[in-house]
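[1] model the structure of this input:
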Amino acid sequence: MTKNQQLITSAKSGSASGGKNLLPRPPIVVVMGHVDHGKTTLLDYIRKTTVASKEAGGITQSIGAYEIEHSGKKITFIDTPGHEAFSRMRERGANLADLAILIVAADDGVQPQTKEVIGIIKETKTPFVVAINKIDKNNADPERVKGELAKEEVFLEGYGGNISWQGISAKTGEGVNELLDFILLAAELEGLTYDPSGAPCGVVIEARMESRRGLEVVVILKNGTLRIGDEIKTQTVRGKVKILENFLRKGIKEILPSAPAVILGFESLPQVGEEFCGSKDELAAAAEKIAATDVGVDSGSTLLNVFLKADVSGSLEVLSQIIKAMPETKVVREAIGDITDGDVKEASSFHSAIIGFNVGLTKTGEGVAKAQKVEVITSKIIYELIKKIEEKIQTLRTPPPDGELTVLAIFSQKGKKQLIGGKVGYGIMKKNTRVKVGRGEEEVGMGKITNLQKGKQEAFEAKEGEECGIMFESDITIQVGDKLIYQPSEK
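    Next comes the predicted model:
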């Protein structure tokens, strides 16, 4: 066996074998590694595009599939996100792929996500090669990388093992052609095949709602031939192929295995990672559609109810899994697309906040959110979004402190509305809160702080030692020396 043939470290289960009508199919390759080690840059070079510069925060945030041609043969690449929040998407990518490229930066070495990826590759028994990237950098040290990989039981050729590796520069393209040669040889040795007369089956890798086109579902076909007009079904949804496009968004009449494609025709959004089939026999054997169930809502102050919105279903699924694992949170609804006034109204009925990943807030939605005091938390970077949610949970976990303000001046009194000035003796005083009115040793009534100013500027709160002006509504006529007592636990 030659050096290059030794790159196959294990047989990938699920490859078709036997039969007289089987034809070879291109390999499906997943690129995996630590954040910023060059996964997207490598695919950019291969595809001659600039996706990396368009990614928010420089991080690929949803799985994409791309088909390229090398030496007259096709290869499908799956680009998986590198940040730790997307570990479940990386796992799915590995399970879908026939082969993997483990990419490690020559200047940075093995990092936490590198170790996680190695575990995924081993668990899924995915054949793989190693690409040591950024060899063009002055501080590149491939030998150190080899040693660090050996500590993770990844033994490269020439370093005590038989796993093939290639030094590359995803930026300049050095070594990339040789890496692609490895992949094609690996595919040939794997004997990847499909049955052209079999039922068209594949995997959903993305699903999203497009405002102009409706439900778009990105798939990779694994067997058979999928054509316009075919009935399709997953475990949860069904439909009929009305529009079929290749990964370049060009309309096509049919797709063959290993090719990524966009399907329009599903009745509702399938779940990312679901298998789909296009045979009527397969449809009859598939599981019945899962009925949606309502979610109980807790309106208590110690639990954060959340309404999740995301740009695509893959991101929504990951975000949902992360938030459901957080303490003191309850996901009440999940949906795709921008945040609308309808979403805000629904969130208000659930006493929930709206969490939006990589989505916008419509103008009408913003107006309704202000009117109904629905908190909307959004971000294009998922780990920043998670941080905001954690901060929100912390504010719920820690009850606001009591406070007391001594009235120092009365500026105006018109009916129930009274403009007064005072100083916070301890704790905190907040806008839009109800407080007790104390006079001497007695509690004489209640009222509400409807506005609060500090230094002629509107403010949300005033803390201990600060003076402020307050618009106060109460049936009680306030006097200098009265105490406004804020006790949130007794509101």
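[2] show me where the stretch 1-150 of the chain has strands.
    23-24, 28-33, 64-70, 73-79, 99-105, 128-133 (DSSP state E, counting those that start in this stretch).
[3] TSV please, covering those strands and showing mean pLDDT, distance to Glu384 and mean neighbour count.
    Yep, even glycine has a C-beta here, placed from its N, CA and C like the rest. What follows is these, written out as TSV (pLDDT from 0 to 100; distance: least, Cβ to Cβ, whole Å; neighbours: other Cβ atoms under 10 Å):
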stretch	mean pLDDT	distance to Glu384	mean neighbour count
strand 23-24	92	45	14
strand 28-33	91	22	27
strand 64-70	85	22	17
strand 73-79	88	21	21
strand 99-105	94	23	25
strand 128-133	95	26	27
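[4] let me know the pLDDT of the residue lying closest to Leu156 once chain neighbours are set aside.
    Leaving out its chain neighbours, the residue that sits closest to Leu156 by Cβ to Cβ, 6 or more residues apart in numbering is Trp165, at 4.7 Å. On the pLDDT scale, Trp165 is placed at 94.
[5] over to Val312?
    86.
[6] and if you look at the one 10 residues further on?
    If you check Ile322, the pLDDT there is 83.
[7] so it: helix, strand or coil?
    Reduced to three states with DSSP: H, G, I helix; E, B strand; the rest coil, the structure at Ile322 is helix.
[8] next, find the distance separating it from Val117.
    19 Å (Cβ to Cβ, to the nearest Å).
[9] quick one: what helix or strand has the residue nearest to the spatial centre of the chain in it?
    Centroid-nearest residue in the chain, with Cα atoms, centre = their mean: Ser315, separated by 3.2 Å. Assigned by DSSP states H and E, Ser315 belongs to helix 313-324.
[10] quick check: buried residues in that helix?
    313-320, 322-323 (16 or more other Cβ atoms under 10 Å).
[11] distance from it to the middle of the chain?
    6 Å (Cα atoms, centre = their mean, to the nearest Å).
[12] then stretch 376-395?
    With Cα atoms, centre = their mean, you get 13 Å for stretch 376-395.
[13] and if you look at stretch 320-332?
    With Cα atoms, centre = their mean, you get 14 Å for stretch 320-332.
[14] from one end of that stretch to the other, what's the distance?
    End-to-end span of stretch 320-332 (Cα to Cα, to the nearest Å): 10 Å.
[15] against Glu216, how distant is the residue nearest to the centre of the chain?
    14 Å.
[16] likewise for Gly465?
    Taken as Cβ to Cβ, the span from Gly465 to Glu216 is 57 Å.
[17] what does Ala409 give?
    Distance from Ala409 to Glu216, by Cβ to Cβ: 63 Å.
[18] same check on Gln479?
    Per Cβ to Cβ, Gln479 is found 66 Å from Glu216.
[19] next SSE after the helix holding Ser315?
    strand 329-336.
[20] which helices and strands sit right next to whatever helix or strand comes next after that next one?
    With elements assigned by DSSP H and E, the helix or strand that comes after strand 329-336 is helix 341-349. Judged by 3 or more Cβ pairs under 8 Å, 6 or more residues apart in numbering; DSSP states H and E, the packing partners of helix 341-349 are strand 304-310, strand 329-336, strand 353-357, helix 363-372.
[21] for the record, mean pLDDT for the third one?
    It stands for strand 353-357. 94.
[22] Ala97: what's it in contact with?
    28-30, 78, 126 (Cβ atoms under 8 Å, 6 or more residues apart in numbering).
[23] phi and psi next, for it.
    phi -80, psi 150 (degrees, to the nearest 10).
[24] max pairwise distance over the contacts of Ala97: which two?
    Ile78 and Thr126 (11.5 Å; Cβ to Cβ).
[25] between the two, what contacts are shared?
    With Cβ under 8 Å, 6+ apart as the test, Ile78 and Thr126 both reach 30, 97.
[26] what count of nearby residues applies to the nearest residue to Leu256 once chain neighbours are set aside?
    Closest residue to Leu256 apart from its sequence neighbours, by Cβ to Cβ, 6+ apart: Thr225 at 6.0 Å. Thr225 has 18 neighbours, counted by other Cβ atoms under 10 Å.
[27] I figured Thr225 hits Pro196, correct?
    Yes - between Thr225 and Pro196 a contact is recorded at 5.9 Å, counting by Cβ atoms under 8 Å.
[28] who touches both of those two?
    Joint contacts of Thr225 and Pro196 (Cβ under 8 Å, 6+ apart) are Leu256.
[29] about what we covered before: distance to Gly72 and mean neighbour count added to the helices and strands packed on helix 341-349, as CSV?
    Below are the helices and strands packed on helix 341-349 laid out as CSV (distance: least, Cβ to Cβ, whole Å; neighbours: other Cβ atoms under 10 Å):
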stretch, distance to Gly72, mean neighbour count
strand 304-310, 39, 24
strand 329-336, 39, 19
strand 353-357, 41, 24
helix 363-372, 51, 15
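[30] to Val104, which of these lies closest?
    Judging those by Cβ to Cβ, what sits closest to Val104 is strand 353-357, at 28.5 Å.
[31] okay, the angle between the closest one and helix 341-349?
    Counting by axes from the mean of the first three to the mean of the last three Cα atoms, to 10 degrees, strand 353-357 points 140 degrees away from the direction of helix 341-349.
[32] give me the contacts around strand 353-357.
    304-311, 315-316, 319, 323, 339, 343-344, 347, 369, 374-380, 382, 385, 389, 392.
[33] got the contact list for Phe307?
    By Cβ under 8 Å, 6+ apart, the neighbours of Phe307 are 332-335, 343, 346-347, 350, 352-355.
[34] and it, how far from Val318?
    Counting by Cβ to Cβ, the gap from Phe307 to Val318 is 17 Å.
[35] what do you get for Gln413?
    Gln413 is 56 Å from Val318, by Cβ to Cβ.
[36] now Ile428
    37 Å.
[37] cool, and Glu153?
    Distance from Glu153 to Val318, by Cβ to Cβ: 28 Å.
[38] swap in Glu116?
    15 Å.
[39] comparing Ala409 and Glu216, which residue is more hemmed in?
    Each of Ala409 and Glu216 has its neighbours counted (other Cβ under 10 Å); Glu216 has more, 19 against 11.
[40] what pairs with the helix or strand where the more buried one lies, parallel or antiparallel?
    Using DSSP H and E, Glu216 falls within strand 214-223. Strands that pair with strand 214-223, judged by DSSP bridges, come out as strand 201-210 (antiparallel), strand 260-266 (antiparallel).
[41] which stretch in these is the model least sure about?
    strand 201-210 (a mean of 85).
[42] give the buried residues for it.
    Per 16+ other Cβ under 10 Å, strand 201-210 contains these buried residues: 201-209.
[43] now Val30: closest residue in space, sequence neighbours ignored.
    Ala97 (3.7 Å).
[44] and the pLDDT at that neighbour?
    For Ala97, pLDDT reads 87.
[45] for Val297, same thing?
    Confidence score, pLDDT, at Val297: 41.
[46] with Ser301 instead?
    So, for Ser301, pLDDT stands at 47.
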